[in-house]
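Enquirer: Attaching a predicted model along with its sequence, questions to come.
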Amino acid sequence: MKRVALLGMPNTGKSTFFNRITGASARVGNWPGMTVELMTAKLLIGSSMVEFIDLPGIYDLPGLSEDEKVVERFLETMPLDLLIVVVNTTQIERQLGLLLQLRQLQLPTLVVLNMADEAQQFGVKVDIERLSKSLGMSMVSISAKYGQGYPAFHQEIQKLLADSTPSTVQGLPHFLSHEELAPQVDALIKQSVEVPLQLSPTLTHKLDRIFLNRWLGLPLFFLIMYLLFQGIFLLGTPLQDGMEWILTAFKETYLAPLLMDLPKPLQGLLLDGIYDGVGTVATFIPMILLFFLFMTVVEDSGYLSRAAFLMDVLMSKMGLDGRSFVMILMGFGCNVPALMGTRVMQSRRLRLLSMLVIPFALCSARLQVFLFFIAILFTADQAPLVLLSLYIASFAAAFGTAYLFKGRFANSEPFILEIPPYRLPTLRHMFLRSWLELQHFVGRASNFIVIGVILVWVLTHFPPAADPASAETLAGRLGNFLAPIFEPIGIEAQLVIALMFGFVAKEIVVGALAVIYGLNDSHLTQAIVQHVDWVQAYSFMLFTLLYSPCLSTVATIRQESQNLRFTIFSLLWSFGLAWVVCFIFYQSARWLMH
Amino acid sequence: MSSTSLAQLKPGQIGIVTNLDIEEGLYRRLLATGVRIGKPIEMLRSIFSHGPLHVRIGMTEIMLRRTEAQNIKVTITS
């Protein structure tokens, strides 16, 4: 099999390009000898199978950040047939430096001048034939976003791969710095690139006058976030109800009669255990999909880096910077990629402090637990506000933690962030991205959930003589054992079991509840209303939010920090914080209500 | 023409970079974003008194903090 690696600076549309050529076939893979996961996809090009690897975006070689070191290690150890360097045509002036550094590797290289559409709009013109000849590299011009220029790309890559042999770099060269390369870059630009002397005021500048306005910027930011969550609720709730109805109907009309002849306990395990557990989680798929669709819009439009700009003052007071804030926002999708995103930071202390706060970001798996409880115990009017309060709690926990520990992780990392022009997200990319994220979510969920749900079922149904989920079962005994810890914060024994499984993955929690209470959707709702009031439920949600996201997050923290003590510290801190916050909330709410 | 630091530029003003008095890591990152001696750099905005600056170098817009901008010396051209 042939191997092709994609490289380029951040914000060159490299990942969009990767998605465009590989479609939905991409997956995250582990690499031997690499500490990180990289996106890869296998494609048939001409008559040979080709493996494409999307390397992290880098600015400079030799590397300063973890991302750049990853790329260096990769180039040093992996035999490659071809290197594809993606360049943002509009910014070709400053991206040629990296290209010249990569040329020192003397690998077969194809340069992809991306964002041809934007370059045209900004009046940047490149004489491709001339530049390609001067550099001695093949070059094609495309627009990854709108899918222009692909036939030429495919023709070129086929030609380059037709009789290629994989080659490994014989020891990394001494890379010339951007400074040393400057005269060469200037000469190349002068010879084959036309850049407009005067920039005409663009839409981006007009929009920035509003979104980055001194007075409007922050209120608009919070309004956008608020509308986002309102939108998810408004569109998601009917979809979720529909999904629930279908699943229940399917169970009652087809599944239950089909399994009639099986022995009772097995029937119970299959129907009330696995089907209800997995089904309850499945009803959240529309909400999760909507969440990622909206997040993709915020990200692709270029608004995310504006958010970093607006929030940097606040973040710097807590020893963090605008990037940490963006990572926390990304963490609202899933904490794991957000933790990996801290690799762009050069200072280890800043990275650790960011890693300490990211797990407080209310991720999509926790969102699903909250949506479930909120729908049961609060009115439709209250629902978005309750959820908003949890998001605020999430931020408060993250910011408070950073503020408390900024002294221990003091750093002086300079902060530079690119602010790309506003871009209209394409529907294609929105759906592709959300689809991949959803696959991740379902993949993660299904890995844990079937095993988790079976385990919950066993714990709540053994010994068989006891009533299911009663105090005499294994789960009941475990719950009672832990009661002294959880009683003061208003979390009853059944919910403690759910929390224990939630430590493995939050995706299991709702499924576990369905099993613990031994009921399907509509009855589960009633059972919870009978057992739990809103104060207890809110305390449970606060605890779920704060106590430790899931095993994958813990494993990621361990891997990224390469430090077991830090990992344990992070776990203990979040657990302790969860308990204290819930204790204060629960006791004062009870006291106020009496 | 007067010499000052990037942090002192007003929105709309353009300065030519004359000196980069900064540590190695930041220096290399700035070079990679297109900032180097002799290049023009335009102040777009700084909206909070202690907040970051939004500047443009060629076709690239970046934000950076005031503390770092104070060590980038420029001569104002317009």
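Expert: The structure has been received and is ready for your questions. Numbers count the residues shown, from 1 in each chain, chains lettered A, B, ... in the order given.

Enquirer: Just after the top helix by length along chain B, pick out the following helix or strand.
Expert: In chain B, assigned by DSSP state H, the helix with the most residues is helix B:24-32. Next helix or strand after helix B:24-32 toward the C-terminus (DSSP states H and E): strand B:40-45.

Enquirer: Buried residues of that next one, list them for me.
Expert: B:41-45 (16 or more other C-beta atoms under 10 Å in any protein chain shown). Placement of C-beta: from N, CA and C, glycine included.

Enquirer: for stretch A:451-467, same thing?
Expert: Neighbour count says stretch A:451-467 has A:452-453, A:455-457, A:459-461, A:466 buried, by 16+ other C-beta under 10 Å.

Enquirer: and it, what's its mean pLDDT?
Expert: The pLDDT scores in stretch A:451-467 average 78.

Enquirer: what residues does it touch?
Expert: A:265, A:268-269, A:272-274, A:277-278, A:468-469, A:472-476, A:478, A:497, A:501, A:504-505, A:508, A:511-512, A:515-516, A:518 (C-beta atoms under 8 Å, 6 or more residues apart in numbering or on different chains).

Enquirer: Could you tell me which residues within the helix or strand bottoming out on mean pLDDT in chain B count as buried?
Expert: Across the helices and strands of chain B, the lowest-confidence element by mean pLDDT, DSSP states H and E is helix B:24-32, at a mean of 87. Buried residues in helix B:24-32, defined by neighbour count with 16+ other C-beta under 10 Å: B:26-32.

Enquirer: and which of those residues is nearest to residue A:370?
Expert: For these, the residue nearest residue A:370 by C-beta to C-beta is residue B:29; the value is 39.3 Å.

Enquirer: so what's the closest one closest to, chain neighbours aside?
Expert: Nearest residue to residue B:29 in three dimensions, chain neighbours excluded: residue A:416, at 5.6 Å (C-beta to C-beta, 6 or more residues apart in numbering or on different chains).

Enquirer: Next, count neighbours for that neighbour.
Expert: Residue A:416 has 21 neighbours, counted by other C-beta atoms under 10 Å in any protein chain shown.

Enquirer: and it, what are its phi and psi?
Expert: phi -130, psi 130 (degrees, to the nearest 10).

Enquirer: Contact residues of chain B facing chain A?
Expert: Counting by C-beta under 8 Å from any C-beta of the partner chain, chain B comes close to chain A at B:22-23, B:25-26, B:28-34, B:36, B:44-45, B:47-48, B:50-52, B:54, B:56-65, B:67-68.

Enquirer: returning to that earlier point: quick check, nearest of the buried residues of strand B:40-45 to residue A:361?
Expert: The nearest member of those to residue A:361, counting by C-beta to C-beta, is residue B:45 at 28.6 Å.

Enquirer: isn't that closest one right next to residue B:12, touching?
Expert: No. Contact criterion C-beta atoms under 8 Å: residue B:45 and residue B:12 do not qualify, at 9.3 Å.

Enquirer: give me every residue that touches residue A:417.
Expert: Neighbour list for residue A:417: A:305, A:308-309, A:322-323, B:62-64 [criterion: C-beta under 8 Å, 6+ apart].

Enquirer: Apply 6 Å and report the result again.
Expert: A:305, A:308, B:63 (C-beta atoms under 6 Å, 6 or more residues apart in numbering or on different chains).

Enquirer: For the buried ones among these, write the corresponding PyMOL selection.
Expert: Typed into PyMOL, the line below selects the buried ones among the contacts of residue A:417, using 16+ other C-beta under 10 Å:
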select buried, (chain A and resi 305+308) or (chain B and resi 63)
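
Enquirer: Looking at the contacts of residue A:417, which are in helices?
Expert: Per DSSP H, the contacts of residue A:417 map to helices at A:305, A:308.

Enquirer: Distance to residue A:128 and pLDDT for the contacts of residue A:417 - can I get that in a markdown table?
Expert: Listed next are the contacts of residue A:417 as a markdown table, based on distance: C-beta to C-beta, whole Å; pLDDT from 0 to 100:
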| residue | distance to residue A:128 | pLDDT |
| --- | --- | --- |
| A:305 | 29 | 88 |
| A:308 | 34 | 89 |
| B:63 | 32 | 94 |
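
Enquirer: Just the closest of the contacts of residue A:417 to residue A:426, please.
Expert: Using C-beta to C-beta, those come closest to residue A:426 at residue A:305, 18.9 Å.

Enquirer: Residue A:221: what's it in contact with?
Expert: Counting by C-beta under 6 Å, 6+ apart, residue A:221 makes contact with A:307, A:310.

Enquirer: which parts of the host helix or strand of it are buried?
Expert: Using DSSP H and E, residue A:221 maps to helix A:217-250. Of all the residues in helix A:217-250, those buried under the rule 16+ other C-beta under 10 Å are A:217-218, A:220-221, A:225, A:228-229, A:232-233, A:236-237, A:240, A:243-244, A:247-248.
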